[in-house]
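# Pasting the sequence and the predicted model now:
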Amino acid sequence: MNDRFMDELVRRIERMCRASKEGYKASALERHRLEGFIEAGVFLGLTTNKDAQGLLETTYEQVFGKPMSDRVQPTSSSFDVTVPDYSQYDTPSFVRKG
């Protein structure tokens, strides 16, 4: 039973990593299913969170050729929002108008 579970877990992680490498973002449903599958395995005693994380890192490195720690993290600049300068309105309008 444990071997079947681990083989399926590897298959699911690998499928998500390969899709990501090809430029496809995994849907929320796919991510939640993988998380649920891992949680079920932990609950049934077939794996541990630490083992699943290690498997994820190993599979990621095999697919991408580099460790997960090297992946590009999104920065706040990717959500570049320009906030207008409202400082001119700090002074009451009757003072600004003179």
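The structure has been received and is ready for your questions.
# What is the least confident helix or strand in this protein?
helix 93-97 (a mean of 76; mean pLDDT, DSSP states H and E).
# Can you show me the CA trace of it as CSV?
Output of helix 93-97 as CSV, limited to C-alpha atoms (Å, rounded to 0.1, in the frame of the first residue of the first chain):
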residue,chain,number,x,y,z
SER,A,93,-8.8,74.0,0.3
PHE,A,94,-9.7,77.5,1.6
VAL,A,95,-6.0,78.0,2.4
ARG,A,96,-4.8,76.8,-1.0
LYS,A,97,-7.3,79.1,-2.8
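# Let the chain start at 76 from now.
Renumbered: residue one is now 76, and that last one reads helix 168-172.
# Please identify the buried residues of that helix?
Buried residues in helix 168-172, counted by 16 or more other CB atoms under 10 Å: none are found. To be clear about C-beta, it is placed using only N, CA and C from the backbone, and glycine gets the same treatment.
# next one: stretch 134-142
Using 16+ other CB under 10 Å as the test for burial, stretch 134-142 gives Thr134, Tyr135, Val138.
# for the protein, what spans make up the helices?
77-96, 103-118, 124-139, 168-172 (DSSP state H).
# okay if I get those as TSV plus distance to Arg146?
Below are those laid out as TSV (distance: least, CB to CB, whole Å):
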stretch	distance to Arg146
helix 77-96	10
helix 103-118	16
helix 124-139	8
helix 168-172	50
